[in-house]
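A.B. asks: Mind folding the following:
(4 chains, ligands or ions: 2)
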Amino acid sequence: MLYLPHTGEDIVSMLQVVGVDDLDDLFSIVPEDCRCKGDLNLPEQLSEWELNDHMEALSHSMAVSPEYRVFAGAGSYEHFIPASVSYLLGRSEFVTSYTPYQPEMSQGTLQAIYEYQTLAARLLGMEIATASHYDGATALAESLLMAIRVTRRKKVATSSLIHPLYRQVVKTYFEPTGYEVVELGYLKNGVTDLAELDDMDDLAAVAVQSPNFFGCIENLQAVGEKAHDKEALFIASFTEALAYGLLKNPGSQGADIACGEGQSLGIPRSFGGPALGMLASTKKFMRSLPGRLVGQTKDLDGKRGFVLTLATREQHIRREKATSNICTNNSLCALAAAMYMASVGGTGIRELARLNHDKAEYLKKELKKAGFTITFDSPTFNEFVVEFPDGFEATYERLLEKKIVPGISLAPYYPELANHYLLCVTETMSRDDMDALVREVKS
Amino acid sequence: MLYLPHTGEDIVSMLQVVGVDDLDDLFSIVPEDCRCKGDLNLPEQLSEWELNDHMEALSHSMAVSPEYRVFAGAGSYEHFIPASVSYLLGRSEFVTSYTPYQPEMSQGTLQAIYEYQTLAARLLGMEIATASHYDGATALAESLLMAIRVTRRKKVATSSLIHPLYRQVVKTYFEPTGYEVVELGYLKNGVTDLAELDDMDDLAAVAVQSPNFFGCIENLQAVGEKAHDKEALFIASFTEALAYGLLKNPGSQGADIACGEGQSLGIPRSFGGPALGMLASTKKFMRSLPGRLVGQTKDLDGKRGFVLTLATREQHIRREKATSNICTNNSLCALAAAMYMASVGGTGIRELARLNHDKAEYLKKELKKAGFTITFDSPTFNEFVVEFPDGFEATYERLLEKKIVPGISLAPYYPELANHYLLCVTETMSRDDMDALVREVKS
Amino acid sequence: MKESVGTTGLILNESLLWEKGKKGRCGFSLPRRDVESCPLDEELTGKGPDFPDLSEVDVVRHYTRLSQWNFGVDTGMYPLGSCTMKYSPKTNERQASLPGFATAHPLLPASLSQGALKMMFELEQYLAEITGMDATTLQPAAGAHGELTGILLIYAFHKKKGAQRSKIIVPDTAHGTNPASVALCGYRPVLVRSNEQGILSVEAVAEVMDEDTAGIMVTNPNTLGLFEENSQKIAEIVHAKGGLVYCDGANMNAVMGIVQMGKIGVDVMHLNLHKTFSTPHGGGGPGSGPVCVKSELEPFLPVPRVIEENGRYVLAEDYPESVGKVAAFHGSFGVMIKAYSYIRTMGPKNLKKASQLAVLNANYIKERLKGTLHLAYDRPCMHECVFSDEHQKAAKVTTLDMAKRLMDYGFHPPTVYFPLVVDGAIMVEPTETESKEEIDQFIEAFKAIVNEARQDPDRLHDAPKRCKVKRLDEVAAARKPCLAG
Amino acid sequence: MKESVGTTGLILNESLLWEKGKKGRCGFSLPRRDVESCPLDEELTGKGPDFPDLSEVDVVRHYTRLSQWNFGVDTGMYPLGSCTMKYSPKTNERQASLPGFATAHPLLPASLSQGALKMMFELEQYLAEITGMDATTLQPAAGAHGELTGILLIYAFHKKKGAQRSKIIVPDTAHGTNPASVALCGYRPVLVRSNEQGILSVEAVAEVMDEDTAGIMVTNPNTLGLFEENSQKIAEIVHAKGGLVYCDGANMNAVMGIVQMGKIGVDVMHLNLHKTFSTPHGGGGPGSGPVCVKSELEPFLPVPRVIEENGRYVLAEDYPESVGKVAAFHGSFGVMIKAYSYIRTMGPKNLKKASQLAVLNANYIKERLKGTLHLAYDRPCMHECVFSDEHQKAAKVTTLDMAKRLMDYGFHPPTVYFPLVVDGAIMVEPTETESKEEIDQFIEAFKAIVNEARQDPDRLHDAPKRCKVKRLDEVAAARKPCLAG
Ligand SMILES: Cc1ncc(COP(=O)(O)O)c(C=O)c1O
Ligand SMILES: Cc1ncc(COP(=O)(O)O)c(C=O)c1O
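C.D. replies: Ligands and ions are numbered 1, 2, ... in the order given. Purely as a prediction, here's the structure:
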């Protein structure tokens, strides 16, 4: 077997050293009735070539570009990834190393993650960022729990325009804790109704997503002021990190914590995972942060180096008193994001974000022309909500046949929004793609 | 531009140092009338993403497996390449370095090529092998010229069953030299007619390919004896290196030089190139070899290391008296072959070669059963000649429609063999593939 | 011993990203603009992030150089205890990068994502079979996330029973994530000590188990590399009091095809695909921590669940008792592909063989090094063995010193100072993909180091000397944290 | 100067392949056998090659470790004169590995290989346009192979004229492949000396050109990095005597979009795609050396030729005057894809810009180092500049010593001791993909080394000290050659 280097003699001589007769004897301490009887009931082994055929067949059944044009975002975005990033990310010194517990031998990962933390903080306008979390949803849940720790309060307010699946995760995390989550409704123009905050007290945090699930840009400054009036932490959540190439960043709007999904930054969608949970805050909350942190230090000769730091927050030291139970995070995804941010650069990300915005505006305009309603008139980034006529389900199916996925239906998440669809346009969509979509939905 | 790092200021400040006003002034020494007028007439630049679309479109028009089953060999063979080899070969320390003129900073390439030379020599049963040549055809041409240098004779005999395209290359190389090439005919059983050698004199070399172009295994020992009787060098040529996992190697049959194509050893076919010219000989001819050689040596501390050696044979020292004009060779292909040979291993290559042979025998048998003639009854490795009935051209076209390429027509190369086709079966063909072929050619 | 594997060579310094570059450069090919620009209201736009501008070659060199400061399984032996640093087959990487998988949107209609759903459905079944459990969720993104999910299931179970409980038993050998996961769910971890043999005694558990205890969380094989022989009896006790048994399956690599966790009373457990199932660690993730359960807990599993309906696969949401969701989408799909590919290319026989050889390698090291290093528990071990610096104390040489010195010899150090029950612990997990030759070199290296500890302790105090940096000051890093540049 | 780029770090020793492994291992997944075995006659079968048996992890570690002993353009600046070590864009690698290209059989019917033929057809046209010539063959596998092909064309030309000639003029600055290629075709190279300005004088050529001379082979820009200003007049002289002008275009990177070789009397020339057109060198190849010709030589080009017939592409064999074939199939197709991708992503403006910046970089280095190193010809240069160790002779420090010391500073050395007309030559070609910062560091490093040469020459004699090996004994290697293990 390719991956099992032991020859017959190796096994014999090693068994001798160990002092047992055969491989089974190694498990003599295992009580008889704990044992498997016979072989596991799994398919027989495939050769590498049979595996290639099998997996290619499976993958071909998936609807992906260029064959399909998928106008779906909703927390997972199609963005171009440079061949250079994919190549660099595949270098096995990065891929096959573990969490950098032994810094002298892991400086590559450590400097790279330190750089990620810095670029992430700069993107979000925050002072510090963690080394990564599982995804945007868990980053939000951890942020809310962190706010509860910091403020010693037991209630949080979250916008109903935070990604519905993120809110489900929060609900799941909160269920056994007894902490309370109150949801803020939304206004006709597709932004969170902050007025509802006025008669709420003892809030640990107010969490709002911008651009929100409808793609609308929230007035974060207003959220910040209201939250701070109530001595609650202001948590800015996001699903489309690229938006901050163009929009005012959370930090500049007073966010205490910014958290969300970094998949847009050079990470393939991969059916939703692995993803990149981003979590940043002000220095003030440094010691309350969940998750790993890389810090700068010096070696015996005074040379600059990097290490995992502030471990006293973490489970392996603090056990049940840790700020989180997270151990393995999504380091390689953070590395991908760093490579991507470094490749795009400050000048590039701005132009790229503009392009996303402008293309989405183009589609919006064309759909309006075609007589469809753009439900919410607040400014958006690269996603927006359209209302299609009754019976659009049939059209939707017809478009799938034509290899076009015209967005995501909102009805499952917002029953009041039957016939409403969330459409996304990134730099990967050409004008022709959009014209084709409009043509098809019209006909 | 991605690949041009200079900013406006960079250019200005550098121009100042150089002491010219603008970039055009750098070329003031170029006479006016040598200059291009206006821009080159080339297509406007494509973005990375436009390039992806363009190249994918072009590549999709190519008939390749798994969509097509291509029963064609004839010097280019479909063999499985492990993902591990492709990954390792892509490491940029190997890919983006130049010929290892500075050994202390090129030990990776140098040890790897030294290992390639060793494994190549072992595969062919020779004492030494060169670092690589362009392809099997040029390796043969250089071998024949080498024999002429060594023997100081002006005539070589080559089998008419050496790959026809190789013979064309030899003809082209020999044209201006005034040296003579005589061709040996072939016998009914599909092997070279060695009797023709009997009344030839002053031969520098006798070159025979095994397995030959018809796939038949030649009696190399007999060739060797006849050649040596006439004090000519025996050159064993080959197109399918994998055959020597199973067959007696050239060295054991008395070959003075073994040369041919190494594409089968882990190198993608890539429409015929880049390929791997392999050239090996006995130590005796070491200083007459064309091309690069890596040798073992020691560093100042007596530590083992590797360097390019015997440069006095080469053009950069010897100029017009060099043993060849070759400079850049096909190093990365040699590296791929080394990785492949190391992965397959001694035990593996034997079983793999057996599988090639046995599968080809299976198809032979099935075609016979189906009533077709296997033209030559000599033993073969993974290729053989079939005679199809008159008017098979139509069937051939029909099979192409069905995405099956039933071998190569021999008529263009051997006009006397109308309706004869050269079929190849490697480990990549399943029994079902072969049964499908037989079914189709029958119907 | 012959020349050590570790040596020094030319590598290149590389400054921080923002110390490089020049405004106006770009390493990204900006797509052609085919729509008119329509500027967003000034009110809303910021000035854009302060990123450096780099060319493609700047970026390529930066990360090529950084990569060469790193050590991975592809570089050499990485016997990091409890982390199962086995070789990650390259073909699995290839499968995960197939465009159909890598670029698929997670909310595609089921009709357009059958391949992904089929793979997930089958992987769930394979994992259930390997553990001897009834059902699986693939949603957790790592081991600790799996623990959290598992404890949430236990919580939901008791909640449904109508009587919530307040405690969960956790042995002193447990990984830090266990008590932390327990606490996250509002339970209080109750510590039980392992016995002089390094495992849980029936008595110790019996003593603390009561009707207010939701269950027990056992790592089996445990972090001392020992099999918890009493697990069945312990399970009986816990079950008798209405509790559930959680098994931390991070060490499943020792017992694939050998032990059926389902048979020894385990009600819920997690697996680490990034350990047992060969998916690479990526310098700290992404991982994947599927949770396998007995049927009584199946109704509580996270949604959506992949189910088969006459040959088609669909995502089902309708599980009223489900704990909900622990990830936005389906978990680490890309990681699952690699684990799935691993299981398919190994097959049942090789999975068992892998465990046997992993255990053989660990016992071989234990036997050959126990004369040299103090062995914490001198009994047959499973996938790893735990030594300590006991014998080196005299020479004032610590576990850390020896770990750092191992780097100079070209090996990644074992896990150190864990588990906590062994002071100065040196936890060695070779895994099955290390050949006898590699292991013998590792053993020789460790013996040489122990010699140095006697003859020239300062060599160890100053180690490592071959790495790009000398020993790093972790204390200073924590005292004045500098977390961003 | 600030800390040098070069430093040392941990790398791993690795023995030779056959010093590793164990019989019975395999790193290759043997396909399932679905046909009965039918053994070949014992007579014909040997015992199989004596290869080591290795597992996949053995192989992966072997080459991962070896790769780390290497230095490439992706590692750092590689100013190897005459080799144009520019950055190779990663997207080009991706295109070449597309299955449709990478796995295509070379003898597929044209109907099944339109994509490949179209790409080749267009690339031939692009190269003709860039050089200002009329037709192109892509068949030659490298520069020297292109030279051979070109000389064969010249030979065929004269043969057809009915009067073969015996000599070809080659200047003393020529690359070794030039006289070697000339000789391969049975011509005698006639040496002409370059003048005190480092270029060919009209007189020198006029003196030797005669009716028995088939032509002249000029490298332009030449290997001193100088533009052959007299090339037109020289061409007139050569043409007047019925000879042809061959241009070695290895240095085309200096003049893309600037000089039209076709306009200065060149009849035939080769290009190095692995230099000018960014395809990587792979540690010594594969390359690609297309040959471009004026229409008078087109009939002689190798077959098959790609031609267009109303929108379809076919391979035409029917060229009775063709020299035949110089490669079995179509040449280095995989390399052509990368060059094609490069030309398409650069576009006409950036190709010209690339040449301008390549020349700017070379002149900048020339100006900034000429105070430090002896500059062979103090005139405006093209893509490279040539220094020598003249000033260091006093300190008994040679070009080789300085080259080796550059390694310690983290740079690949320039080409040394070539061209032969400059004794102790140091030939620096930065290429356009090196930024000003990189180049400034290189200049600082060279200045520091020249200082060391004065103050501590032995540092240079003992260099390199940071590489995995110290200076290697090349003389011993040649005296007792050990070419296989
Ligand atoms: C025994 C044990 N349990 C749990 C974990 C946590 O797994 P993860 O790091 O994937 O969250 C680990 C990983 O180190 C472990 O070794
Ligand atoms: C000026 C010149 N001519 C010809 C060649 C030969 O090219 P190749 O190495 O591709 O055969 C080179 C390459 O070094 C060169 O620099």
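
A.B. asks: Distance check, C:Val5 against D:Glu56.
C.D. replies: C:Val5 is 19 Å from D:Glu56, where distance means Cβ to Cβ, to the nearest Å. Bear in mind the C-beta positions are built from the backbone N, C-alpha and C, glycine included.

A.B. asks: Looking at the two, which is more packed in?
C.D. replies: D:Glu56 (28 against 23; other Cβ atoms under 10 Å in any protein chain shown).

A.B. asks: isn't the more buried one right next to A:Leu2, touching?
C.D. replies: Yes: with contacts counted by Cβ atoms under 8 Å, D:Glu56 reaches A:Leu2, the gap being 4.5 Å.

A.B. asks: Spell out which residues are contacts of both of the two.
C.D. replies: C:Pro89, D:Gly27 (Cβ atoms under 8 Å, 6 or more residues apart in numbering or on different chains).

A.B. asks: Pull the number of nearby residues for A:Pro164.
C.D. replies: 17.

A.B. asks: which non-adjacent residue is nearest it?
C.D. replies: In space, A:Pro164 comes closest to A:Tyr413 once its chain neighbours are excluded; the distance is 4.1 Å by Cβ to Cβ, 6 or more residues apart in numbering or on different chains.

A.B. asks: again with C:Leu98
C.D. replies: A:Ser59 (4.1 Å).

A.B. asks: Please list all residues in contact with C:Cys381.
C.D. replies: Neighbour list for C:Cys381: C:Leu224, C:Gly225, C:Leu226, C:Val359, C:Ala362, C:Asn363, C:Lys366 [criterion: Cβ under 8 Å, 6+ apart].

A.B. asks: quick one, phi/psi of the fifth one?
C.D. replies: Dihedral angles phi and psi of C:Ala362 (degrees, to the nearest 10) take the values phi -70, psi -40.

A.B. asks: The first one too?
C.D. replies: As for C:Leu224, its main-chain torsions (degrees, to the nearest 10) stand at phi -90, psi 0.

A.B. asks: So it versus C:Val422, what's the distance?
C.D. replies: Taking Cβ to Cβ, one finds C:Leu224 at 7 Å from C:Val422.

A.B. asks: Show me which of the two is the more surrounded one.
C.D. replies: Counted by other Cβ under 10 Å, C:Leu224 and C:Val422 do not tie: C:Leu224 has more neighbours, with 27 against 23.

A.B. asks: Apart from its chain neighbours, what residue comes closest to the more buried one?
C.D. replies: Closest residue to C:Leu224 apart from its sequence neighbours, by Cβ to Cβ, 6+ apart: C:Gly198 at 4.4 Å.

A.B. asks: so the one you found sits right up against C:Thr173, yeah?
C.D. replies: Yes: between C:Gly198 and C:Thr173 a contact is recorded at 7.2 Å, counting by Cβ under 8 Å.

A.B. asks: between those two, which one's more packed in?
C.D. replies: The neighbour comparison of C:Gly198 against C:Thr173 (other Cβ under 10 Å) goes to C:Thr173, with 25 against 22.

A.B. asks: In which helix or strand does the residue in the stretch 101-250 of chain A that chain B sits nearest to reside?
C.D. replies: Closest to chain B within the stretch 101-250 of chain A is A:Gly108: 14.5 Å, counting by Cβ to the nearest Cβ. A:Gly108 belongs to helix A:107-124 when assigned by DSSP states H and E.
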